[in-house]
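Novice: Sequence and predicted model, in that order:
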Amino acid sequence: MTESSQARRLSRAKLVVLGRDNCGKTALCVRFITKRFIGEYDHKKEVTYRCRKVVDKEAIDLEILDTANKKCVGPAASSLESSIKWGDGFLIMYSVTDRSSFESVSRLKRLIDHVKQTLGIPTVIVANKCDMENGRVVRMEEGQSLANDLRCGFYELSVAESFPDVESAVCELIREVRLEFRKHLIAMEKRSRLLQMRHALKNRLTRSKTVQW
Ligand SMILES: Nc1nc2c(ncn2[C@@H]2O[C@H](COP(=O)(O)OP(=O)(O)OP(=O)(O)O)[C@@H](O)[C@H]2O)c(=O)[nH]1
């Protein structure tokens with residue numbers, strides 16, 4: 001990979017928003033991009049949003065896939081898997097007012113690990129609708145403890161009430177994606193240096209044998 005393609009790769013990220021129906025995936029995407037909370041959204045459509053943001057003084061071109069009505073099992077599973085293959089980083093959402101959405105978080109994380117065939121894929125868990133205290137059925141400590149177990153970032157927030165919290169959650173994911181890519185680059189450079197050294201050593205050995213004979 002040339003230096004310019006590395007720089008280009010570092011200035012892009014593909015994010016996927018996962019979670020059960022009605023937990024606020026579309027609301028979060030729209031809020032992050034437009035700063036607005038609209039209230040009602042088209043539930044059937046799967047949409048990829050494109051935008052440019054500046055995170056830690058570095059511009060980044062984002063593609064954000066808002067997945068719709070996809071389950072981990074059944075006919076929609078393969079489409080979910082291809083969305084996961086496509087993504088660099090994941091926001092798994094649940095609603096604090098819907099226990100089944102919380103229970104699906106572990107399944108989604110397992111699916112990400114399985115599809116990506118590695119652990120440590122940048123993932124942030126977002127517990128939404130904390131403004132609905134009367135309807136709360138998932139405590140914040142439960143969400144935090146699950147996120148610790150799964151080694152993911154965790155934000156409890158209300159997309160309806162707080163743009164800064166939404167921004168912090170998505171920016172943390174972007175930072176993790178950048179970090180992961182930098183680690184990958186360092187590993188590739190190390191490997192290529194090792195190969196060069198091995199090649200040089202082999203050449204030297206061949207030359208000294210030739211001199212002996
Ligand atoms: N009170 C409250 N309502 C919210 C919040 N976020 C989203 N909603 C509402 O929850 C409902 C579902 O939001 P969506 O963004 O459509 O949820 P979704 O996960 O994209 O739903 P699907 O498209 O069915 O998968 C809408 O009526 C939103 O207005 C929030 O933070 N607080």
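Specialist: Noted; the coordinates are in hand. Numbering: from 1, shown residues only.

Novice: is any part of whichever strand or helix holds F90 close to the ligand?
Specialist: F90 is part of strand 89-95 when elements are defined by DSSP states H and E. No. Applying C-beta under 6 Å from any ligand atom, one finds strand 89-95 separated from the ligand by no less than 6.7 Å. Placement of C-beta: from N, CA and C, glycine included.

Novice: part of a strand, is F37?
Specialist: No. Looking at F37 with DSSP: H, G, I helix; E, B strand; the rest coil, it is coil, so not inside a strand.

Novice: correct me, but it touches L28?
Specialist: No. Applying C-beta atoms under 8 Å, one finds F37 not in contact with L28, separated by 9.6 Å.

Novice: on that earlier part again, summarise which helices and strands the strand holding F90 is packed against.
Specialist: Where contact means 3 or more C-beta pairs under 8 Å, 6 or more residues apart in numbering; DSSP states H and E, strand 89-95 is packed against strand 12-19, helix 25-34, helix 99-116, strand 123-128, helix 163-212.

Novice: The last one relative to strand 123-128, how many degrees between them?
Specialist: Taking axes from the mean of the first three to the mean of the last three C-alpha atoms, to 10 degrees, one finds helix 163-212 and strand 123-128 inclined to each other by 170 degrees.

Novice: I'd like the average pLDDT over the strand holding F90.
Specialist: Averaged over strand 89-95, pLDDT sits at 98.

Novice: Please list the residues outside that strand that contact it.
Specialist: Residues from elsewhere that reach strand 89-95, judged by C-beta atoms under 8 Å, 6 or more residues apart in numbering: 13-20, 22-25, 28, 84, 101-102, 104-105, 108-109, 112, 121-129, 138, 143, 152, 169-170, 173-174, 176-177, 180.

Novice: how far away is Q117 from E81?
Specialist: 12 Å (C-beta to C-beta, to the nearest Å).

Novice: of these two, who's got more company?
Specialist: Neighbour count, other C-beta atoms under 10 Å: between Q117 and E81, E81 has more, with 16 against 7.
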